[in-house]
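>>> Okay, sequence plus prediction incoming.
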Amino acid sequence: MSSLDEFALIRRLTDGKQSVAFQQACGVDKGIGDDAAVAYLAPGCQLVMTCDTMTESIHFQAHTMRDSDIGYKAMAAAISDIAAMGAIPRYALIALSFPKEMSQHKLEAVYQGLYDCANRWSVVVVGGDTTSCIGGLTVTVTVIGEVQEGRALLRSTAKTGDVVFATGELGCSAAGLDYLLKQALPADQWPDVEDGSSEARLIAAHCRPQPQVDAGQFLQQSQVCGALNDVSDGLASEAWEISEASGVGIDLIEDRIPIADELMAYAIRTEKDPLDYILYGGEDYHLIGTMQAEHVIDMQIKFKAAGLTLYIIGYVNAENSGVRLVQSSGYVVPIAKQGYNHFGKDLS
Ligand SMILES: Nc1ncnc2c1ncn2[C@@H]1O[C@H](COP(=O)(O)OP(=O)(O)OP(=O)(O)O)[C@@H](O)[C@H]1O
Ligand SMILES: Cc1ncc(C[n+]2csc(CCOP(=O)(O)O)c2C)c(N)n1
Ligand SMILES: [Mg+2]
Ligand SMILES: [Mg+2]
Ligand SMILES: [Mg+2]
């Protein structure tokens, strides 16, 4: 049980976490402590705004994420949506609901994760809201970013002839979750990356996703990117969103979809198809999108120089064919409009 009242707790969680100098350098005029935060908007920029919720039992359980991971991932998921617009994340607001008996120690760990992620991407926490609730912990992170006027990257601008890309290997988060749910071990018994464990890499993908802000920036600045989306619900679901928003067909080429070694090893051991994790798993927070084919090599060189990856995994066609998979055998089969959906399996 927290020994602090609501206001003392907020101060405890937020006081001194980001220096005034850092906040001012980021354009914050008034941060935490008034009715609302006030910040400057850079000239020639538009606001980009998003929020994401993580709630106990649905997004995490005691044996699938450490407390600090909950905070880190809640912030990462929201920043990822800003990255997926080709924008720069600037400010965050954190809404927290938890039962009265939740320990202050746990909340402090959640906040450590929130700030670790915010600091990693130079995002200033400018406010939030704190309430009690019946049930588990819920964390909602709102992120406000900015992008040069008219330059946000949308889901609706894929063009026929574009290629489809992904900024990383997908499916690892879902495999990590599968492992964690089956093992049901406390975090101090999880395998360690230091030991070269492939399961540890899957766990890291699930617990500490890395929003692709730099990749989003390169894509925005290049002006060769068509559509862009981040992978929260699975490659199939996100590709369908682009296909429908843009009114184009998308063909994904099975042989071109990268499979991480640790995912392949896990899929072999559990006798699963790695493609199921990739297409229908979600929570990868990599970007998928489309770009003009003639600029691929240039962009791949640019990405590589920055320590990033850009995989070409398909192409856009003019047919009203939805999303399909060009199998290794040469057969072309429809990919179900399916992925993580909070209220049912079928997204249509
Ligand atoms: N309760 C809501 N009220 C108003 N708008 C909403 C609400 N929930 C979602 N939206 C809006 O619907 C659109 C799609 O939201 P969605 O949550 O699917 O996007 P996402 O963040 O990319 O996906 P995910 O939640 O899987 O990360 C966004 O524009 C979002 O702001
Ligand atoms: C314990 C537990 N069970 C299942 C899942 C899987 N899961 C939950 S929400 C989601 C999609 C992204 O969320 P949203 O659409 O809300 O942004 C996924 C893939 C999990 N993470 N933890
Ligand atoms: Mg989201
Ligand atoms: Mg998104
Ligand atoms: Mg979702």
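Ah, there it is. Ligands and ions are numbered 1, 2, ... in the order given.
>>> what sits against residue 146?
Neighbouring residues of residue 146 by C-beta atoms under 8 Å, 6 or more residues apart in numbering: 41, 42, 45, 46, 47, 48, 87, 88, 90. C-beta coordinates here come from the backbone N, C-alpha and C atoms, glycine included.
>>> phi, psi of the residue in the chain positioned nearest to ligand 5?
Residue nearest to ligand 5 within the chain (C-beta to the ion): residue 233, separated by 4.3 Å. Backbone geometry at residue 233, expressed as degrees, to the nearest 10, gives phi -110, psi 0.
>>> What is the neighbour count of it?
By other C-beta atoms under 10 Å, the residues close to residue 233 number 22.
>>> What is the neighbour count of the residue nearest to it when sequence neighbours are not counted?
With C-beta to C-beta, 6 or more residues apart in numbering as the criterion, residue 233 has its nearest non-adjacent residue at 3.9 Å, and that residue is residue 339. Using other C-beta under 10 Å, residue 339 has 22 neighbouring residues.
>>> Repeat that for residue 72.
Residue 72: 25 neighbours (other C-beta under 10 Å).
>>> what helix or strand is it on?
helix 67-83 (DSSP states H and E).
>>> Can you give me the neighbour number for residue 297?
When neighbours are defined as other C-beta under 10 Å, residue 297 has 9 of them.
>>> residues from the chain in reach of ligand 1?
Residues of the chain lying near ligand 1 by C-beta under 6 Å from any ligand atom: 52, 77, 81, 232, 233.
>>> Quick check: of these, which has the highest neighbour count?
The residue in the residues of the chain next to ligand 1 with the most neighbours, by other C-beta under 10 Å, is residue 77 (25 neighbours).
>>> circling back: what about burial for the contacts of residue 146, which qualify?
Buried by 16 or more other C-beta atoms under 10 Å: 45, 46, 48, 87, 88, 90, out of these.
>>> pretty sure the second one contacts residue 152?
If I follow you right, that is residue 46. Yes - assessed by C-beta atoms under 8 Å, residue 46 is found in contact with residue 152 at 6.8 Å.
>>> picking up where we left off before, pLDDT of the helix or strand just after the helix holding residue 72, averaged?
On the C-terminal side of helix 67-83, the closest following helix or strand by DSSP H and E is strand 88-98. Averaged across strand 88-98, pLDDT comes to 98.
>>> can you give me the angle the helix or strand that comes right after strand 88-98 makes with helix 67-83?
Next along the chain after strand 88-98, taking DSSP H and E as the criterion, comes helix 104-120. Interaxial angle, helix 104-120 versus helix 67-83 (axes from the mean of the first three to the mean of the last three C-alpha atoms, to 10 degrees): 30 degrees.
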